[in-house]
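A.B. asks: Here is the input, now give the coordinates:
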Amino acid sequence: MRKHLLAKFTAAAICGALSLGTLTACDQKKVTLDNEQVMNFIAPEQGEKIAVITFKDYGDVKIKLFPEACEKGVENFMTHIENGYYDELIMHRVVKNFVIQGGDPTGTGGGGEDCWGNEGFAQCISPDLHHFVGAVAYAVNAMDKLNGSQFYIVTGEAINEDYLKNLAAGYGKSFSEQVQKMYYQFGGQPFLDNDYEVFGQVFDGLDVCLEIQNVAVDEASKPFETVMIEKAEIVEYDGSGTNYRDHLGEIQVPGGSDNK
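C.D. replies: Model prediction:
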């Protein structure tokens with residue numbers, strides 16, 4: 001298991017350099033779910049602004065945003081979308097059972113900037129948002145660990161108790177009982193927690209992300225056939241789509257609920 005974790009830890013470099021042990025303090029509004037401060041699966045309210053990413057030939061992915069926890073991160077993402085920054089960009093890295101990543105206008109993984117025209121801005125990592133399947137987070141600049149335009153969506157894998165025990169022993173990462181149970185049920189990539197800013201959660205169209213993760217890729221994890229963001233929009237939520245509070249059990253990775 002330790003060897004397995006190390007291999008996965010190395011794979012995390014596709015999202016930029018890790019910064020173990022760091023946690024940016026931010027002022028946040030706390031939201032509780034089942035007596036635990038876990039925000040990922042709070043459903044959007046009707047009229048709330050959400051992000052909709054349309055992947056050409058695949059379909060729409062609807063994302064709830066968390067400005068109360070990551071104000072600047074959400075502002076950056078929304079502004080880029082409203083300015084058309086992400087339209088016709090490719091998903092330049094796809095790693096099955098891990099993430100799909102895009103938002104780089106160069107398509108290389110080495111480009112992008114924040115919406116203010118800078119090289120990036122400081123992370124604001126909320127302890128209430130985790131890397132469950134469907135989480136949306138910033139891929140930081142590998143040198144200075146700043147958020148820019150690149151983001152990833154977690155496709156994840158099944159998580160079991162031994163995995164979390166070894167993660168705690170090997171890398172000092174531990175989770176509350178409620179968060180552990182949610183990782184067992186939904187899967188994800190818990191070793192990314194506290195190192196990257198989760199600012200959104202896919203609440204409808206997760207099947208699109210899981211389909212994209214199966215495309216053939218080269219040695220750099222770049223799809224052989226282009227996976228393109230046809231357009232990205234900020235719209236008011238009309239009440240349609242999956243309500244996570246009512247349908248938590250529908251969002252699972254294979255074997256996720258049985259791997260306790």
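
A.B. asks: only C-alpha atoms for contact and neighbour calcs from this point on.
C.D. replies: OK.

A.B. asks: which non-adjacent residue is nearest G84?
C.D. replies: In space, and not counting its chain neighbours, G84 is closest to A232: 7.2 Å by C-alpha to C-alpha, 6 or more residues apart in numbering.

A.B. asks: Where does the one you found sit: helix, strand or coil?
C.D. replies: Counting by DSSP: H, G, I helix; E, B strand; the rest coil, the backbone at A232 sits in strand.

A.B. asks: what's near enough to touch it?
C.D. replies: Residues in contact with A232, defined by C-alpha atoms under 8 Å, 6 or more residues apart in numbering, are 51-54, 81-82, 84, 86-87.

A.B. asks: Go ahead and build a PyMOL selection from the buried members of those.
C.D. replies: What follows is the PyMOL syntax selecting those of the contacts of A232 that are buried according to 16 or more other C-alpha atoms under 10 Å:
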select buried, resi 51+52+53+54+81+86+87
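
A.B. asks: got the residue ranges for the helices in the stretch 1-150 of the chain?
C.D. replies: Counting by DSSP state H, counting those that start in this stretch, the stretch 1-150 of the chain has these helices, from start to end: 2-11, 71-82.

A.B. asks: and the ones you listed, which one's lowest on average pLDDT?
C.D. replies: Per-stretch mean pLDDT for the helices of the stretch 1-150 of the chain is lowest at helix 2-11 (a mean of 39).

A.B. asks: what about the strands in the stretch 151-260 of the chain?
C.D. replies: Applying DSSP state E, counting those that start in this stretch to the stretch 151-260 of the chain gives strands spanning 151-154, 198-204, 229-236.

A.B. asks: What spatial separation is found between M39 and G200?
C.D. replies: 10 Å (C-alpha to C-alpha, to the nearest Å).

A.B. asks: who's more crowded, these two?
C.D. replies: Applying other C-alpha atoms under 10 Å to M39 and G200 shows that G200 carries more neighbours, namely 30 against 20.

A.B. asks: Quick check: bridge partners of the more buried one?
C.D. replies: L65, V136 (DSSP bridges).

A.B. asks: Identify the residues contacting it.
C.D. replies: So G200 contacts 40, 63-66, 135-137 (C-alpha under 8 Å, 6+ apart).

A.B. asks: before we move on, what about N214?
C.D. replies: Neighbours of N214 in contact, by C-alpha under 8 Å, 6+ apart: K96.

A.B. asks: And it, how far from G156?
C.D. replies: 12 Å.

A.B. asks: Quickly list what the residue nearest to G84 is bridged to.
C.D. replies: Bridge pairing for A232 - DSSP bridges - gives I53.

A.B. asks: distance of it from A142?
C.D. replies: For A232 relative to A142 (C-alpha to C-alpha), the value is 25 Å.

A.B. asks: Report the contact partners of Q46.
C.D. replies: 236-239.

A.B. asks: From G239, how far out is it?
C.D. replies: For Q46, the distance to G239 - C-alpha to C-alpha - is 5 Å.

A.B. asks: now G188
C.D. replies: 26 Å.

A.B. asks: Give me the more crowded residue out of these two.
C.D. replies: G188 (28 against 13).

A.B. asks: what would the contacts of A232 look like in JSON lines with distance to L164?
C.D. replies: Formatted as JSON lines, these follow (distance: C-alpha to C-alpha, whole Å):
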{"residue": "A51", "distance to L164": "31"}
{"residue": "V52", "distance to L164": "32"}
{"residue": "I53", "distance to L164": "32"}
{"residue": "T54", "distance to L164": "34"}
{"residue": "I81", "distance to L164": "35"}
{"residue": "E82", "distance to L164": "39"}
{"residue": "G84", "distance to L164": "39"}
{"residue": "Y86", "distance to L164": "35"}
{"residue": "D87", "distance to L164": "38"}
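
A.B. asks: Report the two of the contacts of A232 separated the most.
C.D. replies: Spatial extent of these (C-alpha to C-alpha) is set by the pair T54 and E82 at 14.0 Å.
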